[in-house]
Structure formats: structure tokens, C-alpha cells
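Participant: Build me a structure from this.
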Amino acid sequence: MWKWFIPILATSPVPAMGQDVSVDGSVVEACFQSARNGAVDPDCIGFAARLCQGREGETTVAIGQCVMAETKAWDALLNREYKETRDQFARIPALGDKLKAAQRGWIEMRDADCDIAYDRYEGGSMRSISAASCQMEHTARRALELRNMRQP
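Facilitator: Below is the predicted model:
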């Protein structure tokens, strides 16, 4: 399931050097806020990672780390939106359970899609970037979907 994540970490010199690759969370939050009216695929997904790449470089390792850093920011938004949606749905019997089942199903679908993104490159260096990008895009869209569930 996470087979594509390990090659990035295993080849990464960053932890040994003590550096922390990160993105500006406010860029991700601004992207999240700009996607209104039910939109779940704004053009700004990946922008924070591209800014990070400008600082960290265009190597396969740096690109992967920047994409994973943006994914982490989107994951924090996803968790926030899941909690807010779950709290709102708690008023309606069984709706919270359906949300939990849907989230579990979404995780399985995301992982399967991103496994395909990884396997398509059959050992090439692009496979880790492809899988990391898949993870980021799915996570961003799901955060937006969860927010949209609460809107009338």
C-alpha cells in the first residue's frame, strides 16, 4: 500500500543533514479557501510544493519531499474538515456511521489509485513522484469534498 513512500525516504539525504523540508501552510489554506461553490479541483493544488521545489531544487528526492510536505498540509485540513463534518452529522442518526464508512472506502480507493500511479513507472525514478502527487491530489480533493458535504 505504501510501497512508493519508502523509496523516497530511503534515498533521502535530508534527515541525515537535519533539514526539514516544509511548505508554507498558508499557501495551502489559501488554496482551500479559494475553492468555493462546490469546486474540488482548484488549479492551486500543488502550488505550495512548486514553491518548495524552487528552494529545495529539482531533484527527484527534493520534488518528492516537497510534494509530501504539501500532502501533510492538506492532510491536516482533511482531518479538520472530517471532524467538523462528523460533528455536524452527529445530529442525524446513523449519518456519522455512514461518513466513517465513506472515509474508510475513500482511503482504500486513494491507496489503490496511488499504487497504480506508482506501478505505472516500473522502477523508474518518476514512480515515487507520481505516487506522491497522487496522494497529494486525492487528499486535497477529499478535504474539499468533506467541507462541501456540510454546505446546503
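Participant: what secondary structure does residue 23 sit in?
Facilitator: Secondary structure, DSSP: H, G, I helix; E, B strand; the rest coil: residue 23 is coil.
Participant: what about it, distance to residue 41?
Facilitator: Distance, residue 23 to residue 41, by C-beta to C-beta, to the nearest Å: 19 Å. Backbone N, C-alpha and C define where each C-beta goes, glycine included.
Participant: burial count for residue 54?
Facilitator: 10 (other C-beta atoms under 10 Å).
Participant: the more surrounded of residue 23 and residue 41?
Facilitator: residue 23 (25 against 10).
Participant: center of this structure - which residue?
Facilitator: residue 136 (2.8 Å; C-alpha atoms, centre = their mean).
Participant: which one is it nearest to, not counting chain neighbours?
Facilitator: Distance criterion C-beta to C-beta, 6 or more residues apart in numbering; nearest residue to residue 136, sequence neighbours excluded, is residue 71 at 4.2 Å.
Participant: Name all residues that make contact with the one you found.
Facilitator: The contact partners of residue 71, taken as C-beta atoms under 8 Å, 6 or more residues apart in numbering, are 132, 135-136, 139.
Participant: Among these, which are located in helices?
Facilitator: 132, 135-136, 139 (DSSP state H).
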